[in-house]
Each structure stands twice: as structure tokens, then as C-alpha cells.
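J.: quick one, structure for this:
(2 chains)
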Amino acid sequence: MKLITAIVKPFVLEDVKAALEQIGVLGMTVSEVQGYGRQKGHTEVYRGAEYSVDFVPKVRVEVLADDTLADKVVDAVVEAARTGKIGDGKVWVTPVETVVRVRTGERGADAI
Amino acid sequence: MDALNNGDTAWMLASTALVLLMTPGLALFYGGMVRSKSVLNMMMMSLGAMGLIGVLWVLYGYSMAFGNDVGSGLLGNPAENAGLQGLFVGTYTGDSPDYPLSGSIPALAFVGFQATFAIITVALISGAVADRMRFGPWLLFAGIWATIVYFPVAHWVFAFSSADGSVVGGWIANDLKAIDFAGGTAVHINAGVAALALAIVIGKRRGWPREAMRPHNLTLVMLGAGLLWFGWFGFNAGSALGANGTAAFALVNTIVATSAAMLAWLLVERIRDGKPTSLGAASGIVAGLVAITPACSSVSPLGGIAIGGITGALCALAVGLKYRFGYDDSLDVVGVHLVGGLAGTVLIGFFADPGSPAAVAGLFYGGGVDQLWRQVVGALAVLLYSGIVTAIIALLVKAAIGLRVTPEAEATGIDETEHAETGYDFSSLRGGGGLGTARPPVTRTPGQVPATAGKES
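T.: I've put the predicted structure just below:
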């Protein structure tokens, strides 16, 4: 099993969700996060005083997937989230030892 | 003595409510500008002034400001109307009610109206000491400041002698004859320079100006600015003390000068910073209201546009002074109220129109410098008295009980340490159900999932 974590621009979230539903992903966890990469932050001005805002709002999407599906998930996310501009984000895959469904106690691939 | 006028009385009662609303409006204006960890303390400083000054006004404040003069136009007799004695004698009912009047309104209507001025003047100062002043010392400072700064200065500026000479008022209003219709000197220069003195005595916030301390809620700021403008019609048009042509004149100036000041502030920002900002619009509104406060009965509406425009641009530039001189006037009480109050008061000397209700000619209307020097003397007198006395009061309170929260409390947030509250609870893990609250027992069997699954509180 794999955990696919994607950091994407907030406005592409709906597209990413639709793309994942298309390939049969049944659930995901989404959180609002802040950070920066090559894009860096921006500057705000209040009564003439400048404030640099270093961290840019992003959305983190986490999806658990079977090994066979993991690559398709990555491709779907990347395709849906790409605008071609700086700041599109990152996607990475990490191995997952085990997964348990809290309600039923099912383990492993059945719990996804 | 005039007879009671119902129209005038109705307008003054309404104006009192309008001006009182300005202080909660100010609390929103200031509260939105601080960081979220200080919003409640910021608003409580304004509300604290409503509590404390409302009581002091009745006990002896009104009498100090509007009692018969005790000498040289400097102070009203504090004992004359202490506890408002002598102002509510007589008959209130029947065909021929007979009770003390102030002009054409009940004396108590004037007492109430002026109470709201004392309250907001004290509240204005609090913007300079955001994030760091303990609530107790604030109230102690506010009470002493109202007693020995605001009440006497209100006497100087607002207490007019009666025509028959039986009641003697303050020196700026009657001897100097500087024009200050609704409080450019007594309210705005007074509070603005007091804010400067208090900000210097209490010191900078930790991390200022290195750390970004940006406003946490600009929508509150804009709501506050709107309420201030709304209430300011009572402040300026109410200062006509009647429902009459002077009130209408002041009201139109209160619209147009404010509009011009907002445009001017935005123009400065567009040129200097590249973008017109919402905080700039809200600030321009307040700067314009401050500027037209002393001038709304003495300049034509075109003069009002000029005063508003000049002051809006001037204040937009003046808010940068604190970075140059290194005083942490957190929410720009100096840049907006002191500079705006000075500009509005002095510009009357140039723009006063003999066709206006005040019927005085300024420099640009052929009146020479006669009114100009009166305006300058009045402004400087309040500036010096309030600045010096406020610094002494602040130093005394600092020596007696201290002014600031501890560095740890300042980092944690003054709301939590001074009031044991937080302004916002956006996290589902704190309060309002979540960790630490009792949960209903779970009796479901596996396989049954209620329709509300995932939405349990």
C-alpha cells in the first residue's frame, strides 16, 4: 500500500478530486497548509508599511491506494493540478505498512 | 432663556445615541487592526472607557466642564453640578413643565450628549497602546486623564458664556474665539497628543517594527469606519444643539469632506505603494471626519472638500512618521487624530467662509490672519497642555502600578492573560465540543452507520 501526498494550489482541488473519482479512488483527506518552494511569498502593504508574507496557502491531499493503483493516482493528480506556472506544487509517494478501518477492524488492502 | 423646543430635543436625543455608537464603532475599527490575540483587549479599552467615563461624567465631570467658571476660563466649578445636582429640579409633567434647560433643550439632554464626547475622546487614546497595556492601569490612567485633561479642556472649548453673563465659560470659546465646532482641539488634538505621550512612556511592542504585525480582520475595520461615519453625524450636526440650518450645514460638510479625504488617501497609496487599500479607505474616512469636526460650521462645502482632501493626503503621509522617529503609536492615533485635528483646526483660518453659519472670514476670503492666529493658538494650547500633563500622568501610573503586561504575556496574547478569553475559536479541537468535552455513549453495532457519520459534534 502507498500513501500519495500532494501539495497543490487551492483552486485545483475540485479538478483533482474529480480526476481521482474517475479512476476509482474512494476517499481522501484534505487539509489547508502553508509553505513555499521556488514560488516564495508575496508582499502586503498596510498604511504604507510593507509586510512580506513568506508562506503561500496550499492544499495538501492525502490518498491511500493499493500498490497497483498508486501510479495512476499520481498521474491523475499531476495532470489535474498542472497549470504550467511556478507554484504548482509537489506529489510524493511513501510506503505504508498497514491500514485499519476503525469501524470494522478490517486490515490491509480491504481497509482502503 | 429660550423655551423648550421639541424638535431640537428630539434631534439631540437621537444625536446622543449616534455619538454613543461611535465608541463601539471605534472598538471594531481598532479591534480589526490588531493581531487576533489582542482583539478583545483592544475592544475592552473602548468599552472600559464607556463604563468609567459615563460614571465620572455624572459624578463631577459635567460640572468641571460646564459648571460656572472658577477663574480665567480654565475650569468649571466641580461642586456646582456634582452628581448632576441642580439639573433635574422642577416639574416634568402637567401643562406647564418647568425644569432646567440648556438653550432650547432639557439640560439633561445636553449632559447626555456631552457625556458621549468624553467617552470617545478617552477611547481614542487606546489605539496607541495596542497589545501591551494592562487593563487595570488603563482604567486608572483613563480616569485621571479624563479628570485633569479632558474635563478642563472641554470647558475651555465647549463651555460658552451665557448672553447675560450669569454663566461664564472657557477661555478658548469666549476670549480667544477660536472656532472649534465639534472638537478638533478638545477631542482630536487632545486625544492624539495624549496617545503620543502614552505610547512613548509605555514603550514599543516587543518586536516592533521588525516583526510584521498586520491587521487580523480588515472587514471589522471597515464596519467600524462605517459606524464611525454614521455616528459622526450626531457628533458634528448634533453640535448645532438643535434641529436647524446649522445642523444641516454641518451634516453636508461631514459627508463631503469625508468623501474627499478618502479619495485623497487612496490617491496617495496608489502613487506611493501601487495599490489603493481597504485599510487606506477606512483610514481616509476617519481622517476626513477628524478634519471637518472643528470646521463643519465655518467652511463652505467646497471648502470642506479642500480641507478633507488636504487632510486625507497629509494623514496618509503622516502615518509613516512613527517609523522615522521610532515611537510605536500602534494604530496611528497620532498620524490620524493629532495630525488631522491640527490640520482641520488650522485650515479654518484659511478656508472660513463668511457665508457659513459661523460667519467668519479666513485668509482666503479676505479676513486676513486674524482667525488664523486664533486657530493656531487654540490648537497649540491644547497640544501643549495635554501632551505635558498626559506624560506626567502616564509616568505616575507607571511608577505606582506599572503599565505593561509581562514579556511572556505579550507573546502569549493579552486577551488570554488580561481577560482569560480568546476572540475566536476556529479550531474544532478547542472548546465547543471536541477534546475535553463529554461524549454520548456509543451504542451502535458495527455495520450500522448513521446518516450523520463524520459530522458528530
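
J.: list the residues that contact residue 38.
T.: The chain I'm using is chain A. Residue A:38 sits next to A:86, A:87 when contact means Cβ atoms under 8 Å, 6 or more residues apart in numbering or on different chains. (Glycine included, C-beta is placed from N, CA and C.)

J.: let's do chain B instead
T.: Residue B:38 touches B:130, B:131, B:413, B:414, B:415, counting by Cβ under 8 Å, 6+ apart.

J.: return only those of these found close to chain A.
T.: Among these, none lies close to chain A by the criterion of Cβ under 8 Å from any Cβ of the partner chain.

J.: what's the burial count for the residue in chain A positioned nearest to chain B?
T.: Closest to chain B within chain A is residue A:51: 4.0 Å, counting by Cβ to the nearest Cβ. Burial of residue A:51 is recorded as 15 neighbouring residues (other Cβ atoms under 10 Å in any protein chain shown).

J.: what does residue B:408 give?
T.: 8.

J.: try residue B:352
T.: 27.

J.: for residue B:371, see how far away the residue lying closest to it once chain neighbours are set aside is.
T.: Nearest residue to residue B:352 in three dimensions, chain neighbours excluded: residue B:362, at 3.4 Å (Cβ to Cβ, 6 or more residues apart in numbering or on different chains). Residue B:362 is 5 Å from residue B:371, where distance means Cβ to Cβ, to the nearest Å.

J.: now for these two: what residues contact both?
T.: In contact with both residue B:362 and residue B:371: B:348, B:349, B:352, using Cβ under 8 Å, 6+ apart.

J.: can I get those residues in JSON lines including pLDDT and secondary structure?
T.: Shown next, in JSON lines, are the shared contacts of residue B:362 and residue B:371 (pLDDT from 0 to 100; DSSP: H, G, I helix; E, B strand; the rest coil):
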{"residue": "B:348", "pLDDT": "98", "secondary structure": "helix"}
{"residue": "B:349", "pLDDT": "97", "secondary structure": "helix"}
{"residue": "B:352", "pLDDT": "97", "secondary structure": "coil"}
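
J.: the residue of chain A closest to chain B pairs with what?
T.: residue A:44 (DSSP bridges).

J.: so who does it touch?
T.: Taking Cβ under 8 Å, 6+ apart, one finds A:43, A:44, A:45, B:212, B:214 in contact with residue A:51.

J.: quick revisit: got TSV for the contacts of residue B:38, with distance to residue B:206 and secondary structure too?
T.: Listed next are the contacts of residue B:38 as TSV, based on distance: Cβ to Cβ, whole Å; DSSP: H, G, I helix; E, B strand; the rest coil:
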residue	distance to residue B:206	secondary structure
B:130	12	coil
B:131	9	coil
B:413	12	coil
B:414	12	helix
B:415	16	helix
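
J.: format the residues you listed as JSON lines; extra columns: pLDDT and neighbour count.
T.: Formatted as JSON lines, the entries for those read as follows, by pLDDT from 0 to 100; neighbours: other Cβ atoms under 10 Å in any protein chain shown:
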{"residue": "B:130", "pLDDT": "96", "neighbour count": "26"}
{"residue": "B:131", "pLDDT": "96", "neighbour count": "24"}
{"residue": "B:413", "pLDDT": "94", "neighbour count": "21"}
{"residue": "B:414", "pLDDT": "96", "neighbour count": "27"}
{"residue": "B:415", "pLDDT": "96", "neighbour count": "24"}
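
J.: ok, so of those residues, who is nearest chain A?
T.: residue B:130 (13.6 Å).

J.: got the buried residues for the least confident helix or strand in chain A by mean pLDDT?
T.: Scoring the helices and strands of chain A by mean pLDDT, DSSP states H and E places strand A:49-53 at the bottom, with a mean of 85. Using 16 or more other Cβ atoms under 10 Å in any protein chain shown as the test for burial, strand A:49-53 gives residue A:49.

J.: isn't residue B:118 up against residue B:149?
T.: No - when contacts are counted by Cβ atoms under 8 Å, residue B:118 is not listed as touching residue B:149 (10.7 Å).

J.: more neighbours: which of these two?
T.: Taking other Cβ under 10 Å, residue B:118 and residue B:149 do not tie; residue B:149 has more neighbours (26 against 23).

J.: related to what we said a few turns ago, ok, the residue nearest to residue B:352 to residue B:337 distance?
T.: For residue B:362, the distance to residue B:337 - Cβ to Cβ - is 23 Å.

J.: of the two, who's got more company?
T.: residue B:337 (32 against 26).

J.: for the residue nearest to residue B:352, give me the backbone phi and psi.
T.: phi -90, psi -170 (degrees, to the nearest 10).

J.: and if you look at residue B:322?
T.: Dihedral angles (degrees, to the nearest 10) for residue B:322: phi -60, psi -30.

J.: give me the pLDDT for residue B:439.
T.: Residue B:439 carries a pLDDT score of 51 in this model.

J.: starting at the chain centroid, how far to the least confident helix or strand of chain A?
T.: 28 Å (Cα atoms, centre = their mean, to the nearest Å).

J.: dump the residue contacts of residue A:25.
T.: Counted by Cβ under 8 Å, 6+ apart, residue A:25 has contacts A:63, A:65, A:69, A:73.

J.: show me the residues you listed that map onto strands.
T.: A:63, A:65 (DSSP state E).

J.: could the contacts of residue A:25 be laid out in TSV, adding neighbour count and pLDDT?
T.: Formatted as TSV, those follow (neighbours: other Cβ atoms under 10 Å in any protein chain shown; pLDDT from 0 to 100):
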residue	neighbour count	pLDDT
A:63	26	96
A:65	25	94
A:69	19	93
A:73	25	96
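
J.: mind telling me the two of the contacts of residue A:25 farthest from one another?
T.: A:63 and A:69 (9.2 Å; Cβ to Cβ).

J.: residue in the stretch 51-200 of chain B nearest to chain A?
T.: residue B:127 (12.3 Å).

J.: contact partners for the closest residue to that residue other than its chain neighbours?
T.: Closest residue to residue B:127 apart from its sequence neighbours, by Cβ to Cβ, 6+ apart: residue B:331 at 3.6 Å. Residues near residue B:331 by Cβ under 8 Å, 6+ apart: B:30, B:33, B:34, B:127, B:128, B:130.

J.: my guess is the last one contacts residue B:30. True?
T.: Put plainly, it is residue B:130. Yes - counting by Cβ under 8 Å, residue B:130 does reach residue B:30; the two are 7.2 Å apart.

J.: would you turn the shared contacts of residue B:362 and residue B:371 into a markdown table with distance to residue B:308?
T.: Compiled in a markdown table, these are given as follows (distance: Cβ to Cβ, whole Å):
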| residue | distance to residue B:308 |
| --- | --- |
| B:348 | 13 |
| B:349 | 16 |
| B:352 | 15 |
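
J.: closest to residue B:396 among those residues?
T.: Nearest member of the shared contacts of residue B:362 and residue B:371 to residue B:396, counting by Cβ to Cβ, is residue B:348, at 35.0 Å.
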